[in-house]
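J.: A predicted structure for the sequence below; I have some questions about it.
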Amino acid sequence: MKRRGFLLLLPALFVAGCGKKQRLAAIPAASPVLAFGDSVTFGTGAAPGEDWPTLLAGMTGWNIRNAGLPGDTAEAGKARLVPLLEHPVPTLVIITIGGNDFLRRRPANAVKEDLRQMIHSSQAVGGRVVLVGVPELSLLAVVAGKPADSPIYAQLAREEGVLVIPDVFSNILGQPDLCADRIHPNAQGYRQLATGIHAGLRGAGLVP
């Protein structure tokens, strides 16, 4: 297996407390799952049906609702999320957002608190939460081809006791052949993103 594929298939998982891997109760097939985010969740850069929530639904058998909105931010998304947590109440909420906030130079701590509010809103209705790490893009990182997750995602995982799947999105953005542009995967990239998220979920025991 190529090193690139190996890295994408083995994302580390963090939980609150000691940071050790933890196996959780599996989520059955056909369970309602909400994928919440921006254009990367929506699937910008690929054809309809090639977005990662659709691909992940095929891998898990879950009923995944794609709630990606191009241009959305964590600042605005914390209010948009609330009505999406009703009818049906999701068993799992996968949150992949924050990139547009970083591009607009919002302070990382402010983005972190918006994400924390999303976690609390999801947990208030009984939903489990998984964060997917998002890179805090900079000109230097883009030029060097080495974007890295903002540390706020791992911090929130420890502080709030939720799972985070790190590095998968950042690794994709570091490989031009997997990207439609500098901030969006292409069809192959979205497949890699879905595969990496699935591997992380399975490693935690959430996938049967």
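T.: Happy to help now that I have it. Numbering: from 1, shown residues only.
J.: alpha carbons only for contacts and neighbour counts from here, please
T.: Noted.
J.: helices and strands of the protein: which one has the lowest mean pLDDT?
T.: Lowest on mean pLDDT, DSSP states H and E among the helices and strands of the chain sits helix 3-9, with a mean of 38.
J.: just checking, what packs against the helix or strand that it is followed by?
T.: Remark: after helix 3-9, the chain's next helix or strand is strand 32-37, criterion DSSP states H and E. Contacts defined by 3 or more C-alpha pairs under 8 Å, 6 or more residues apart in numbering; DSSP states H and E place strand 32-37 against strand 63-68, strand 92-96.
J.: Next up, phi/psi of the residue positioned nearest the centre of the chain, please.
T.: Closest residue to the average C-alpha location of the chain: V132 at 2.7 Å, with C-alpha atoms, centre = their mean. Main-chain dihedrals, V132, degrees, to the nearest 10: phi -110, psi 120.
J.: ok, it to P88 distance?
T.: 22 Å (C-alpha to C-alpha, to the nearest Å).
J.: My guess is the residue nearest to the centre of the chain contacts G99. True?
T.: No. The criterion here is C-alpha atoms under 8 Å, and V132 misses it with G99 at 11.4 Å.
J.: quick one, what contacts L156?
T.: 112, 116, 162 (C-alpha atoms under 8 Å, 6 or more residues apart in numbering).
J.: Among those residues, which lie within helices?
T.: Here DSSP state H is the test, and the contacts of L156 give 112, 116 as lying in helices.
J.: Now render the contacts of L156 as TSV, adding pLDDT, distance to G49 and neighbour count.
T.: Converted to TSV, the contacts of L156 look like this (pLDDT from 0 to 100; distance: C-alpha to C-alpha, whole Å; neighbours: other C-alpha atoms under 10 Å):
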residue	pLDDT	distance to G49	neighbour count
K112	98	30	20
R116	98	30	19
V162	97	28	19
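J.: Kindly reformat the contacts of L156 as TSV and extend each row with distance to L34.
T.: As requested, those are exported to TSV (distance: C-alpha to C-alpha, whole Å):
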residue	distance to L34
K112	20
R116	17
V162	16
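J.: where does the chain dip in pLDDT?
T.: By pLDDT under 70, the weakly predicted segments of the chain are 1-23, 138-145.
J.: change it to 90
T.: For the chain, residues meeting the criterion pLDDT under 90 lie at 1-24, 136-147, 182, 208.
J.: ok, which stretches of it are helices?
T.: 3-9, 39-42, 52-60, 74-84, 99-103, 108-124, 139-144, 152-160, 168-173, 187-204.
J.: Please work out which of these is packed deepest.
T.: helix 168-173 (a mean of 26; mean count of other C-alpha atoms under 10 Å).
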